[in-house]
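I would like the atomic coordinates for the input below:
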Amino acid sequence: MGYRSTYPTPRDAASLRPFLIALVAAVLLNLGLRLRILEHVLRAHQNSPWLIGVIQRGLLVVFAALLVAFWWLLLVRVLPEFRRGRAPSRRQLASLVWLASCMAATNLLSESIAIYRLNLSSYTLLMDALMLYLGISLIFLFWYWFIDNPPRHLGAIWEQSASAALTTPNGIVFPEETLERDVLRSDHWQPEFMDYAYFTILSSNCFGPPEGHLLVGRPIKVLHSVHSLAMITVFIVILARAINTLG
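Numbering: from 1, shown residues only. Below is the predicted model of the structure:
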């Protein structure tokens, strides 16, 4: 039997729910941060260069368009599928997480501009950095599940395909999988929400995969690299600036 992937099916709707809630929470955090950034810009409008004002207004328009598109897709396309007891298509889920990711990117860019041009206080920056950290982590929690979930199925993870070539999944190899395969000689274990949450939190804090976890395949490595770069920006550019101005 060859290696096969499982895309979301009706029985996966319940397992998808916590990840979708996390994504919605990330969007709400980014909306709250956008309102704070808008307040920062309006408060310092007279003292900021005109070019900064134009850029910030442009980012605001982009964020608003992304926000409207996200809620339209969620309320009109995704939630009706849940009411029918079916999971949304992967294309719809991909659109949702891309919209949320672009919102976080606009906020990250706006905040990076604001800390150098709008003379924000350290406590304001600390609160903004915390909201960015939580919002970005929740978005990447959904991304890790989204990239890692399709290759998984109940059965052998590594097996011989029809061409007799050894195939491996593209995604995260959790320590429970390695332990089960080496000790119990089986591989029916499947990660749940807490497994992805643990992986995401430690990746956000350490800028690398937690000990015992392996990243297999280009997509998951690219995703993790982007995650690390985003967290480096939050910790080094924003949080370090806040700590530096505490006095």
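
use CA for all of it now, contacts and neighbours both
Will do.

which one's the longest helix in this structure?
Secondary structure of the chain per DSSP state H: the longest helix is helix 13-43.

Just after that one, pick out the following helix or strand.
Counting by DSSP states H and E, the next helix or strand C-terminal to helix 13-43 is helix 50-72.

Give me the helices and strands touching that following helix, please.
helix 13-43, helix 90-117 (3 or more CA pairs under 8 Å, 6 or more residues apart in numbering; DSSP states H and E).

Could I get these in TSV, plus columns for mean neighbour count, mean pLDDT and distance to Leu130?
Formatted as TSV, those follow (neighbours: other CA atoms under 10 Å; pLDDT from 0 to 100; distance: least, CA to CA, whole Å):
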stretch	mean neighbour count	mean pLDDT	distance to Leu130
helix 13-43	18	87	10
helix 90-117	19	88	12
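
Could you check how far Asp128 is from Gln56?
According to CA to CA, to the nearest Å, Asp128 and Gln56 sit 16 Å apart.

now swap in Val78 and tell me
According to CA to CA, Val78 and Gln56 sit 31 Å apart.

Mind giving me the packing neighbours of the longest helix of the chain?
Contact here means 3+ CA pairs under 8 Å, 6+ apart; on that basis helix 13-43 packs against helix 50-72, helix 90-117, helix 122-148, helix 193-206.

could those helices go into a markdown table alongside distance to Ala230?
Listed next are those as a markdown table, based on distance: least, CA to CA, whole Å:
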| stretch | distance to Ala230 |
| --- | --- |
| helix 50-72 | 18 |
| helix 90-117 | 8 |
| helix 122-148 | 8 |
| helix 193-206 | 9 |
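
wait, which of these is closest to Arg36?
helix 122-148 (8.0 Å; CA to CA).

Report the mean confidence score over the closest one.
Averaged over helix 122-148, pLDDT sits at 89.

so how far is it off the chain centroid?
Its chain's C-alpha centre and that of helix 122-148 lie 7 Å apart, by CA atoms, centre = their mean, to the nearest Å.

From here on, call the first residue 736.
Yes, from this point I'll number from 736; that puts the last item at helix 857-883.

thinking again about what came up before, if we compare the helices and strands packed on helix 748-778, which one ends up closest to Ala761?
It is, among these and with distance given as CA to CA, helix 857-883, at 4.4 Å.

and the closest one, what does it pack onto?
helix 748-778, helix 825-852, strand 906-908, helix 928-941, helix 953-967, helix 975-979.

Let me see the mean pLDDT of the fifth one.
Going back to what we said before, that points to helix 953-967. Rounded mean pLDDT across helix 953-967 is 91.

what's the answer for the last one, then?
Predicted confidence along helix 975-979 averages 70 (mean pLDDT).

list the contacts for the residue lying closest to Asn940 once chain neighbours are set aside?
Leaving aside its chain neighbours, Asn940 sits nearest to Met966 (7.9 Å; criterion: CA to CA, 6 or more residues apart in numbering). Met966 sits next to 868, 939-940, 942 when contact means CA atoms under 8 Å, 6 or more residues apart in numbering.

Would you format the helices and strands packed on helix 857-883 as TSV with distance to Leu873 included?
Listed next are these as TSV, based on distance: least, CA to CA, whole Å:
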stretch	distance to Leu873
helix 748-778	6
helix 825-852	10
strand 906-908	17
helix 928-941	8
helix 953-967	11
helix 975-979	22
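
what's the closest of those to Trp880?
Closest approach to Trp880 among these (CA to CA): helix 928-941, 6.7 Å.

Which phi and psi values does Leu949 adopt?
Backbone torsions of Leu949, given as degrees, to the nearest 10, read phi -120, psi 140.

Does it touch Asn905 like I think?
No. With contact defined as CA atoms under 8 Å, Leu949 does not reach Asn905; the gap is 10.4 Å.

Compare the two and say which one has the larger neighbour count.
Neighbours per residue (other CA atoms under 10 Å) separate Leu949 from Asn905, with Asn905 holding more: 19 against 15.
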